[in-house]
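K.L.:
sequence and predicted model, in that order:
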Amino acid sequence: MTLADSRIDRYRTRTITEVPPIDRNDPTVWGRITSPSLANFDADGYAIIDQLLSPEEVADFSAEVDRLASDPELRLDERVITEKKANRVRSIFEVHKISRAVADLVRDERVVGLARQVLGSEVYIHQSRVNYMPGFEGAGFYWHSDFETWHAEDGMPSPRAVSLSIALTDNYAFNGSLMVMPGSQRTFVPCRGETPEEHYRESLREQEIGVPSHAEIAELAKKHGITQFIGARGSALLFDSNIMHGSTNNITPFPRSNIFLVFNSVENALQDPYAATEYRPTYIAERDIEPVR
């Protein structure tokens, strides 16, 4: 029994038995694209924006995220997630409320304007964080769809959300940069297994529930192929909430860090979870839909 049993669930997941993939009926682009860098977003489900930030801005934000990671008081905050196998900061959530610099970045038209074009409405921050992937010990993220988790555990009705990953370090093909399957946003892959209580405490370090089977990943990869976000610091990747993506461990000496902003449409406000018995904390899933101004 879940909080959402009485509703029609168009994206059923976290099932006991296997459910076949679902063709997505919702659009990928809800608005009108005006930026040339987003020209292929509808088909691919992602876009790379070169030089979104200037070198000077990258330097300022790099100093800011280093300051946050080294703040001993902040390390005690539940919004700070450490690596499962090392006492290193993996992510800092709700960073736009912790850092004034990131709060200003969220409101920058170069940033929020991208989300408004794709989503066709005013938007709000569903989630923000800084991701750190240190050299030698940085753990990757297994293949997954963000929307699967946000639908199951947060009650997001439809995949009318986008994520923007802004690189603060160079993204090479060998230091754990993000991989995506172009076009896979048009297929929703249900996952097996019930959502454990307080699942977020483990999933933010290593996700095991809410990930597709090897066979499903292989089928998507065969159909769509895999591309990788490779670019200089200051570049950014905007991608659909349902696109299949993941990253490998970073065993190189070259660390990787990024600012990660999730924009949701104000017309896609969270409801009760579709496959969980409780709400996740608001620093992971914001329920105040006050638009970014």
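P.N.:
Alright, I've got the coordinates.

K.L.:
helix, strand or coil for Ala63?
P.N.:
The local conformation at Ala63, judged by DSSP: H, G, I helix; E, B strand; the rest coil, is helix.

K.L.:
that one and Leu168, how far apart?
P.N.:
With distances taken as Cβ to Cβ, to the nearest Å, Ala63 is found 10 Å from Leu168. Backbone N, C-alpha and C define where each C-beta goes, glycine included.

K.L.:
ok now stretch 110-130, how far from the chain's centre?
P.N.:
Mean-position distance between stretch 110-130 and its chain equals 12 Å (Cα atoms, centre = their mean, to the nearest Å).

K.L.:
pLDDT on that stretch, on average?
P.N.:
The average pLDDT within stretch 110-130 is 98.

K.L.:
endpoint to endpoint, it covers what distance?
P.N.:
The straight-line separation of the ends of stretch 110-130 (Cα to Cα, to the nearest Å) is 19 Å.

K.L.:
Ala63 and Leu168: which has the busier surroundings?
P.N.:
Ranked by neighbour count (other Cβ atoms under 10 Å), Ala63 and Leu168 place Leu168 first, with 25 against 12.

K.L.:
contact partners for the more buried one?
P.N.:
Taking Cβ atoms under 8 Å, 6 or more residues apart in numbering as the criterion, Leu168 is in contact with Val58, Phe61, Ser62, Val65, Arg233, Ser257, Asn258, Ile259.

K.L.:
just the buried residues of those residues.
P.N.:
Val58, Phe61, Val65, Arg233, Ser257, Asn258, Ile259 (16 or more other Cβ atoms under 10 Å).

K.L.:
what pLDDT does the third one get?
P.N.:
In the predicted model, Val65 carries a pLDDT score of 93.

K.L.:
got it, and the first one?
P.N.:
The confidence metric pLDDT takes the value 97 at Val58.
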